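**Student:** Pasting the sequence and the predicted model now:
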Amino acid sequence: MITKTGLIEIRWHGRGGQGAVTSAELLAKAAIDEGKYAQAFPAFGPERRGAPVVAFDRIDSRSPIRVRAEIRQPDVVIVLDPTLLRVVNVTAGLKAGGILVINTRKNFEAIEKDFGSNWKLALVDGSRIAREILGVPIVNTTMLGALLKAEPVVKMEALIEPLEERFGRLAERNLNAMKRAFEETTVKE
Amino acid sequence: MGKKVGMEVSLAIAEAAKMANTDVVAAYPITPQTHIVERLAELVANGELDAEYIPVESEHSAMSACLGAVATGARTFTATAGQGLELMHEVLYVASAMRLPVIMSVANRALSAPLNVWGDQSDLMAVRDTGWIQIICENGQDAYDNTLCAFRIGEDKRVLLPVMVHVDGFYLTHVIEPIEIPEQDKVNHFLPPFSYPLPLDPDKPLTMGAFAPPILFSEAKKAQEVNLRAAKPIILECWAEFAKIFGRQYKPIEQYRTEGAKILLLTLGSFGETAMAAVDKLRDAGQSVGLLKLRLWRPFPFEELRQTVSGAELLIVVDRALSFGGPGGPAFSEIRSALYSEKKRPRILGFVGGLGGRDLMVAEFEGMVKRALEMKPSGAEQEFEMYGVRE
């Protein structure tokens, strides 16, 4: 990617309890471990299980991040829950030429019918992968794999330590789900 | 230099309290301070921090328990936010008047009503006159570092005052960012053990905070005032020593691109970094703009303020709190007052913005500079405006 300045801004869409905030956190930790500047934060406020939530990452390979405010024009949007596509305007502010990563069983044609073709699309059936590998349809770590396929914001290895720190003995399964999603994600420019 | 790790700022603050070997934590959880005290409770429960964690039924009790703990000579930490700080308000005065160095993080939050849990400095401004040393942080590293410094400053025998370390709720507390956590032995070297000169002791009973009739009260208050002002050189000494050991130098007022600046923005807390980005853009566009960031709120840094504004023609103070019906945002009116007797002083205008978690973006700081240049106030009550409010 994608940006002239070296700054990539990412917005995660999920539902409370699905781990969007955790994903944002893991990604920022991996980027910082790689020596980059990064920031992760939730949309501030009370937490509500099941309600639509957003979380954000800023990752800058060159200079410290100064802005402390929500991301209004992201370069990348990641949607963890396909049911959000109908209730939340997930592409709000998404820059032209930006990337839309979606957990969905639909194909490019179906998604483009709903969202147009202004964006690079990365699609994967993350819920199936998570059910198969993790035994639960919680796709936050799985979708990190889809993101990395669409845009290598960090190296996959950089996520191992943050995953181990967060999930302990369950880290390996989460890593496997992430790798599987990386393999299965299809990308259309 | 240690390695930077990605860490939530709240957890870094808890880590600082842990590495300071805090003996007692008494706290009541409240958004957005929650992650700080949850983490401390966890550290005490799993044995990583050998401390007494006192779960209390309110913030009033939290601060009261902290007073008792310090009086026995225990290193004591607590944290609160917004309504919680208001609920402990009356006890705050007792901590400073009795020279009990409680160390407290405040996750700055709006005050009700309407109910709002988001970032705002109304709580900070409401405790201005409680006699505490008050430091305002602009990022996570600052929050970790100044939590450590707070113990050393407050517990210094020449000071013995409680210290508040202010961190903007959510804007700092809930952000994961690169923070350098030093080695424990460096922290031990920087922060000597707490040795309270007259601890409560059943074998040597004494009375603390007794009754003072009119014939004594003014003297007690004068002593407190002299003591708080006298803390400033010790704060500077602490920051100099911190810089020697950890390589980061803190100042009462930080300057950013102020060389030759005709226009100065002045911010408190987490506005600082966003305002830096705005200053970069304005400088790139050829405007003579710099930034001052006020870190030390009490004791107020009069001398540093005079020095840093001396070359400017316009000073724009940005508050995240309002003084209803008064002379502008609280920081604005203090700064205007602090410069009133200067023969040569900049024109001073103020904005109040970002209340209750409203973001101020880079463009909005640029907009304030533009607006300040247009303002033609007639009278002090017109020298400030609320910024970005929908009419």
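**Tutor:** Good, I have the coordinates. Numbers count the residues shown, from 1 in each chain, chains lettered A, B, ... in the order given.

**Student:** quick one: contacts for the residue lying closest to B:Ser105 once chain neighbours are set aside?
**Tutor:** Leaving aside its chain neighbours, B:Ser105 sits nearest to B:Ala79 (4.0 Å; criterion: Cβ to Cβ, 6 or more residues apart in numbering or on different chains). Heads up, the C-betas are built off the backbone N, CA and C, glycines and all. By Cβ atoms under 8 Å, 6 or more residues apart in numbering or on different chains, the contact set of B:Ala79 is B:13, B:27, B:33, B:36-37, B:104-107.

**Student:** what's the straight distance from one end of stretch B:318-336 to the other?
**Tutor:** End-to-end span of stretch B:318-336 (Cα to Cα, to the nearest Å): 12 Å.

**Student:** roughly how far out does it sit from the chain middle?
**Tutor:** 16 Å (Cα atoms, centre = their mean, to the nearest Å).

**Student:** anything in it sitting right up against chain A?
**Tutor:** No: counting by Cβ under 8 Å from any Cβ of the partner chain, chain A has no neighbours in stretch B:318-336; the shortest distance is 12.0 Å.

**Student:** Mind listing what's buried along the longest helix anywhere in chain B?
**Tutor:** Counting residues, the longest helix found in chain B (DSSP state H) is helix B:214-246. Buried residues in helix B:214-246, counted by 16 or more other Cβ atoms under 10 Å in any protein chain shown: B:224, B:227-228, B:231-232, B:234-236, B:238-239, B:242, B:246.

**Student:** what separates that helix from the chain centre, distance-wise?
**Tutor:** 15 Å.

**Student:** The helix or strand just after it near chain A anywhere?
**Tutor:** The first helix or strand that comes after helix B:214-246 along the chain, using DSSP states H and E, is strand B:253-256. No: for strand B:253-256, no contact with chain A is found by Cβ under 8 Å from any Cβ; the gap never falls below 10.2 Å.

**Student:** which outside residues touch strand B:253-256?
**Tutor:** Applying Cβ under 8 Å, 6+ apart, the set of residues contacting strand B:253-256 is B:138, B:272, B:276, B:279, B:290-296, B:301, B:304-305, B:308.

**Student:** can we see that at 10 Å?
**Tutor:** Outside strand B:253-256, the residues within contact range by Cβ atoms under 10 Å, 6 or more residues apart in numbering or on different chains are B:138, B:142, B:261, B:264-267, B:272-273, B:275-276, B:279-280, B:290-296, B:301, B:303-305, B:307-309.

**Student:** so of those residues, which ones are in helices?
**Tutor:** B:142, B:272-273, B:275-276, B:279-280, B:303-305, B:307-309.

**Student:** Buried ones only from those residues, please, as a PyMOL command.
**Tutor:** Buried residues among these (16+ other Cβ under 10 Å), as a PyMOL selection:
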select buried, chain B and resi 142+272+273+275+276+279+280+304+305+308+309
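
**Student:** check the ones in helices among the contacts of strand B:253-256 against chain A, which are close?
**Tutor:** By Cβ under 10 Å from any Cβ of the partner chain, the members of the ones in helices among the contacts of strand B:253-256 lying near chain A are B:272-273, B:275-276, B:279-280.

**Student:** State the number of residues packed around B:Thr34.
**Tutor:** Neighbour count of B:Thr34, defined by other Cβ atoms under 10 Å in any protein chain shown: 17.

**Student:** my read: it touches B:Ala81, true?
**Tutor:** Yes: the pair B:Thr34 / B:Ala81 is scored as a contact, 8.5 Å apart, by Cβ atoms under 10 Å.

**Student:** residues shared between the contacts of the two?
**Tutor:** Contacts common to B:Thr34 and B:Ala81, judged by Cβ under 10 Å, 6+ apart, are B:107, B:173.

**Student:** Now for the closest residue to A:Val139 other than its chain neighbours, how many residues are close by?
**Tutor:** Leaving aside its sequence neighbours, A:Val139 sits nearest to A:Gly126 (Cβ to Cβ, 6+ apart; 3.9 Å). Per other Cβ under 10 Å, the neighbour tally for A:Gly126 reads 34.

**Student:** From chain A, how far off is B:Ala143?
**Tutor:** Separation of B:Ala143 from chain A (Cβ to the nearest Cβ, to the nearest Å): 13 Å.

**Student:** Now do the phi/psi pair for B:Ala338.
**Tutor:** Backbone torsions for B:Ala338, taken as degrees, to the nearest 10, come to phi -60, psi -30.

**Student:** likewise A:Arg15?
**Tutor:** The phi/psi pair for A:Arg15 (degrees, to the nearest 10) is phi -120, psi 150.

**Student:** residue contacts, it?
**Tutor:** Neighbours of A:Arg15 in contact, by Cβ under 10 Å, 6+ apart: A:48-53, A:80-81, A:83-84, A:87-88.

**Student:** With chain B as the reference, measure out to the residue nearest to A:Val139.
**Tutor:** For A:Gly126, the distance to chain B - Cβ to the nearest Cβ - is 23 Å.

**Student:** wouldn't that residue be in contact with A:Val136 here?
**Tutor:** No: counting by Cβ under 10 Å, A:Gly126 does not reach A:Val136; the two are 12.0 Å apart.
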